[in-house]
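Asker: model this:
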Amino acid sequence: MADDLAMMPAHALARLFKKRKASPVEATKAALARIKKFHPVLNCMQHVDADSAVKQARASEKRWSKGKPLSPLDGVPTTIKDMVQTRGMPTRMGSAAIGPDGPWDNDAPSAARLRAAGTVLLGKTTSPEYGWKGVTDSKLFGITRNPWDIHKTPGGSSGGGTAAAAVGIGNLAVGTDGAGSVRIPCSFSGLFGLKPTFARVPLHPPSTQGTLSNAGPMTRTVRDAAMMMNVIARPDHRDWYAIPTDQEDYLKGLEKGVKGLRIAYSPDLGFVEKDKIDPEVAQSVANAAKAFKKLGAKVVEASPKLNGLDPRDIENVHWTSNFSLLIKSFPPERQALMDPGLLRAAEHGGRHSLEAFLRAGQQRVQLGALFNQFFEDYDLLLTPTMPMPAFDVGEPAAWGGDGLDIGWTPFTLTFNLTRHPAATIPCGTTKAGLPIGLQIVGPLYADARVLRAAYAFEETTPIPPPPMAAG
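Answerer: Take a look at the predicted model:
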């Protein structure tokens with residue numbers, strides 16, 4: 001029963017709580033048992049507070065017994081990425097330059113909302129230093145591994161959260177995404193993940209990556225992500241970008257399907273070199289597009305005309321320039337404790353001229369406008385999430401890259417620039433048994449439509465757990 005509770009979707013777990021067929025304490029103890037079993041192998045948890053988690057679970061159990069849960073997710077075990085401030089838990093940002101002593105007095109908006117909803121906060125998951133690369137390792141916490149193959153990376157920078165959720169360490173996970181850091185690890189680790197429309201989920205303190213960054217759910221089912229969005233996508237005055245009146249119900253219409261929707265399928269997004277896209281990835285995504293046709297959508301192959309703009313170049317200027325500013329906020333003795341790769345990225349960013357930075361900002365605006373025009377003709381867009389499956393641990397980037405150029409994740413970073421909602425959902429596995437992700441993108445503020453399409457696809461292609469999770 002304990003393993004069943006740990007791997008159960010959050011929405012199913014909550015139904016058991018309501019019917020008194022399981023308790024938050026049982027679910028929490030199941031998750032803590034999974035931490036003991038899998039963390040030594042995966043290295044996915046930065047911090048665990050078992051005593052506090054059980055205490056939270058007991059309080060939730062009392063609320064359910066009285067028929068007064070704080071929310072439908074009351075009592076559900078949850079993990080939060082190291083880069084999201086969480087009261088009572090260290091937020092190290094994956095960095096030895098951040099001391100362990102705190103104080104840790106504040107909740108970021110998503111942590112505060114989940115706490116107010118009664119979820120059981122198990123602990124913090126691993127991240128590379130300040131999320132600087134799309135894999136999860138750091139000088140501070142070491143290498144996090146992929147539950148589908150421990151010799152492969154789970155992706156990053158939210159890889160600790162996806163590795164944990166995939167094996168039942170928490171039924172829900174919170175990640176952040178500045179160039180794909182929710183979608184990359186969900187694609188590599190076989191989970192559903194959503195980067196919402198920018199500012200739909202408030203952030204505080206402001207991210208190092210500014211308006212590129214988002215917080216979002218990482219879950220084992222689409223319905224769970226919709227339930228999370230009903231909690232975390234609510235206004236918070238601390239984020240001055242946040243939508244002040246957002247009361248969207250992400251469960252409403254979730255089961256409506258995609259019949260009649262106009263869906264563009266773009267295998268290369270109009271700029272990604274086809275020889276850089278793994279053939280198994282390309283085939284699985286093409287098959288997924290055909291599945292949407294069978295579901296009644298009007299699917300055509302189409303790519304936006306980008307007028308010579310390359311999102312990789314635009315993102316790289318923003319990405320490294322922001323890290324240059326970050327590093328300068330630390331004294332030299334603290335900089336010496338940091339990842340040499342992050343320091344090189346910051347040095348590279350510091351060499352961009354003011355003209356180059358301003359030009360990248362203007363190009364970002366142009367890119368966003370082009371995609372807005374594209375969505376005048378289409379309700380949704382399908383692409384690969386990643387051009388490749390998970391690669392070996394210890395590598396900072398795909399294709400032997402050094403991590404400074406994040407162009408190896410072109411399909412994800414594009415929509416950090418444009419602010420559009422983008423989700424990833426498993427659509428198959430490689431011959432080696434590694435997950436492949438399909439990216440579903442919507443117009444601005446059409447997050448509910450993206451979830452609805454993902455739910456329809458999930459009904460035809462359920463998300464499988466990694467073999468390790470059953471062992």
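
Asker: Contact partners for residue 430?
Answerer: The contact partners of residue 430, by C-beta atoms under 8 Å, 6 or more residues apart in numbering, come to 278, 280-281, 389, 436. For the C-beta atoms, the positions are set from N, CA and C on the backbone; glycine is no exception.

Asker: Please tabulate those residues in JSON lines and include neighbour count as additional columns.
Answerer: Output for the contacts of residue 430, formatted as JSON lines (neighbours: other C-beta atoms under 10 Å):
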{"residue": "278", "neighbour count": "16"}
{"residue": "280", "neighbour count": "17"}
{"residue": "281", "neighbour count": "24"}
{"residue": "389", "neighbour count": "25"}
{"residue": "436", "neighbour count": "28"}
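
Asker: In strands, which of these fall?
Answerer: residue 436 (DSSP state E).

Asker: Let me have the contacts of residue 430 in a markdown table, extended by distance to residue 131.
Answerer: What follows is these, written out as a markdown table (distance: C-beta to C-beta, whole Å):
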| residue | distance to residue 131 |
| --- | --- |
| 278 | 25 |
| 280 | 28 |
| 281 | 24 |
| 389 | 21 |
| 436 | 23 |
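
Asker: Among the contacts of residue 430, which ones are in helices?
Answerer: 280-281 (DSSP state H).

Asker: Test my guess that residue 412 contacts residue 186.
Answerer: No. The pair residue 412 and residue 186 fails to qualify as a contact (C-beta atoms under 8 Å) at a distance of 10.1 Å.

Asker: now stretch 284-304, how far from the centre of its chain.
Answerer: Centroid displacement of stretch 284-304 relative to its chain, using C-alpha atoms, centre = their mean, to the nearest Å, is 24 Å.

Asker: mind listing what's buried in it?
Answerer: Residues of stretch 284-304 classed as buried by neighbour count (16 or more other C-beta atoms under 10 Å): 284-285, 288-289, 291-292, 295, 297, 299, 302-304.

Asker: From those, which land in strands?
Answerer: Those of the buried residues of stretch 284-304 lying in strands (DSSP E): residue 299.

Asker: if I pick the spatially most central residue of the chain, what's in contact with it?
Answerer: Geometric centre of the chain, nearest residue: residue 182, 1.8 Å, by C-alpha atoms, centre = their mean. Contact partners of residue 182, counting by C-beta under 8 Å, 6+ apart, are 158, 175-176, 193-195, 214, 216, 218, 424.

Asker: let's see 10 Å
Answerer: By C-beta atoms under 10 Å, 6 or more residues apart in numbering, the residues touching residue 182 are 81, 155, 157-158, 161-162, 173-176, 191-196, 214-218, 412, 422-424.

Asker: Run through the neighbouring helices and strands of the top helix by length along the chain.
Answerer: Determined from DSSP H, the single longest helix within the chain is helix 354-374. Packing partners of helix 354-374 (3 or more C-beta pairs under 10 Å, 6 or more residues apart in numbering; DSSP states H and E): helix 311-327, helix 410-418.

Asker: Give me the residues contacting the strand or helix carrying residue 5.
Answerer: Using DSSP states H and E, residue 5 sits within helix 2-7. Contacting residues not belonging to helix 2-7 are listed as 12-13, 16, 22-24, 26-35, 37-38, 77, 165-171, 220, 465, 469-471 [C-beta under 10 Å, 6+ apart].

Asker: Provide a list of residue ranges in the stretch 51-200 of the chain with pLDDT below threshold.
Answerer: For the stretch 51-200 of the chain, applying pLDDT under 70 flags no range at all.

Asker: dump the residue contacts of the residue of the chain most remote from its centre.
Answerer: In the chain, the greatest distance from the average C-alpha position (C-alpha atoms, centre = their mean) is reached by residue 66, at 34.5 Å. Listed by C-beta under 10 Å, 6+ apart, residue 66 has no contact partners.
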